[in-house]
Each structure stands twice: as C-alpha cells, then as structure tokens.
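> can't give you the sequence, but here's the structure:
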C-alpha cells in the first residue's frame, strides 16, 4: 500500500462523505464516530457540519482554548471543530481549518457562512505540508486524521514547525495497544476507517518526542471492545469470528497532548 494509493482512497471517501452531508445524510455513525458532541455544541454548528463529522473525539472540549489564540485543525472536514474553536477563541482569535478534499472545503465554507463565523479561514492543502508560516499557531487540533497519513513523521514535524514556542498539540486520534494483526494493517478499507493506519501508543509518543515535543501525554478516552470490533471489521473480507478476540481492547480513541518547548535550539 503506497502513499499515493492511501491519499487517493482517503480523498474519495471523504469527498463522498461531504456530498452526503451536503444533502442532509449523515456520514457517521459507528462506535468510533458516534456521540462525540454534547447538545450545546451540536446547537452551535450547522447541521451539515455535524453530519460530516468523522472524528473519534472532541478536541475542542479538551484543548483549553483561550480568547485571542490562533488554532489550526489538521484535516478539518466539514469544519465542526474549527467552528467550535472559533467561538472559544473569540473575535480576537483565529481558527484555521486545513483539508485536501475540494468537496469538504466547499462544505466547510458553506457551514462557515451559515454560522456567520468571521474569524475562520479554511485552507486547501495537505497536513504533511502545512501552508502557514513558522511559529504562527498557538494550538494544533486534529480529530482522527493523523492516523490516515502515510507519513506521520512529516505531519508531526510540520505541526511542530508552525506552532509558536510554548504552543500546544491537542489531538484526538485512534491508537493501538500491543501487536496488530498483519491482515488488519494491510486493509485499505480499515485504513480509511481510522484503524489500519493507527499508531501504537508508544510509537506515537516516540514520534512526537523525535519531532521535538515535550510533556507528551496519551489518554485513552474510549477503548473499543470485541462487540465494537465486529462493527469495524465487517465487510473487510476478514474472518471476524477468528480474529475478533485478538482485537478486543487493542483499539482506543485517545486524546494526545504535547507542548513545543518555549526555547528550541534548532527549530
């Protein structure tokens, strides 16, 4: 499975999800993407933004965003986390969304228009090459997108580059715990469902550290059990009964925190 194949499959899936959401159909819900936002947050965004949500957590609720901060959401989709962030940072702050899929960007811009959010800007680009200057962002958010990248080292290096000294990495993602079956790692279908590309929790922390981050914490927010694994694995050409017990408790929704040091020797 090469990088170009992964990118093409991800673009196709998320482009179709955007089109479904624009016509009032939901793109979720499985055990990973369901029940992530409370009623108040659901009220604050256009319905199409909620329908397009394919996240695995709620980073805006955990990132401790402050008025006046600049936020960047990597893989912003229909814009739900960008719009929620924009409310938290207020008119003196700014919320950027970055996405490579034209259909998602069109949906996000329409959601921004409906929300009347003036402090929001959606950018076209890839999370491996962020189109923002060095030291320009206070907080990096992402919601179940980094696992989709075939070059996660590059993503983390880019996040580190655009963060200001002392900036925060506050990401929801799927991670694994322990060894993963090769047949799961090789499934393209499971890759775009946030599973095959998920990093082991220890490997994720090591990559963050190698990119220069410190104070790294990975907190499991939802551990998927064997009944939910059956939902993930269905339709993937796998013998679910044979492997379901081997994936029980190995996939987790997690909140991943890290800081960029205030003094960086070689940034």
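It's in. Bear in mind the structure is a predicted one, so any value in this text is a computation, not a measurement. Numbering: from 1, shown residues only.
> CA atoms for contacts and neighbours, from now on please.
Fine.
> can you give me the helices in the stretch 151-267 of the chain?
Secondary structure of the stretch 151-267 of the chain (DSSP state H, counting those that start in this stretch): helices located at 152-162, 182-185, 188-191, 201-210, 226-233, 240-247.
> which of those has the lowest mean pLDDT?
Mean pLDDT is lowest for helix 188-191 out of the helices of the stretch 151-267 of the chain, coming in at a mean of 55.
> my read: residue 158 touches residue 132, true?
No - using Cα atoms under 8 Å, residue 158 is not in contact with residue 132, being 9.6 Å away.
> looking at those two, which is more packed in?
Neighbours per residue, other Cα atoms under 10 Å: of residue 158 and residue 132, the larger number sits with residue 158, 19 against 16.
> what ranges do the helices span in the stretch 1-150 of the chain?
Using DSSP H, counting those that start in this stretch, the helices of the stretch 1-150 of the chain run over 3-22, 39-43, 47-51, 59-62, 80-89, 102-115.
> quick one: average pLDDT of the shortest one?
Read it as helix 59-62. 86.
> again, but for the longest one
Summarised as a single mean, pLDDT over helix 3-22 is 70.
> check the second one too.
Averaged across helix 39-43, the pLDDT comes to 85.
> which neighbouring elements make contact with that helix?
For helix 39-43, there is no helix or strand it packs on, judged by 3 or more Cα pairs under 8 Å, 6 or more residues apart in numbering; DSSP states H and E.
> likewise the shortest one?
Contacting helix 59-62 under the criterion 3+ Cα pairs under 8 Å, 6+ apart are the following elements: helix 80-89, strand 137-143, strand 163-176.
> including mean neighbour count, could these go into TSV?
TSV is the format used below for those (neighbours: other Cα atoms under 10 Å):
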stretch	mean neighbour count
helix 80-89	26
strand 137-143	25
strand 163-176	25
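> out of the ones you listed, which comes closest to residue 219?
Checking these against residue 219 by Cα to Cα gives strand 163-176 as the closest, at 9.6 Å.
> figure out which of the helices of the stretch 151-267 of the chain is closest to residue 42.
Taking Cα to Cα, helix 226-233 is the member of the helices of the stretch 151-267 of the chain nearest to residue 42, at 24.4 Å.
> what's the pLDDT at the residue lying closest to residue 220 once chain neighbours are set aside?
Nearest residue to residue 220, sequence neighbours excluded (Cα to Cα, 6 or more residues apart in numbering): residue 254, at 4.3 Å. If you check residue 254, the pLDDT there is 92.
> same thing with residue 50?
Reported pLDDT at residue 50 in the predicted model: 81.
> for the helices and strands packed on helix 59-62, which one sits closest to residue 60?
Ranking those by their distance to residue 60 (criterion: Cα to Cα) puts helix 80-89 first, at 6.0 Å.
> distance check, the closest residue to residue 99 other than its chain neighbours against residue 100.
Computed as Cα to Cα, 6+ apart, the closest residue to residue 99 that is not its neighbour in sequence is residue 75, at 4.7 Å. Residue 75 is 8 Å from residue 100, where distance means Cα to Cα, to the nearest Å.
> then residue 43?
Separation of residue 43 from residue 100 (Cα to Cα) stands at 27 Å.
> these two: which has the busier surroundings?
Between residue 43 and residue 100, counted using other Cα under 10 Å, the more crowded position is residue 100 (21 against 11).
> which ones are touching that one?
11, 75, 124, 125, 126 (Cα atoms under 8 Å, 6 or more residues apart in numbering).
> which residue packs closest to it, ignoring adjacent ones?
Leaving aside its chain neighbours, residue 100 sits nearest to residue 125 (4.8 Å; criterion: Cα to Cα, 6+ apart).
> who's in contact with that neighbour?
By Cα under 8 Å, 6+ apart, residue 125 lies in contact with 98, 99, 100, 131.
> was I right about the second one contacting residue 123?
Yes - Residue 99 sits in contact with residue 123 when judged by Cα under 8 Å, with a separation of 6.5 Å.
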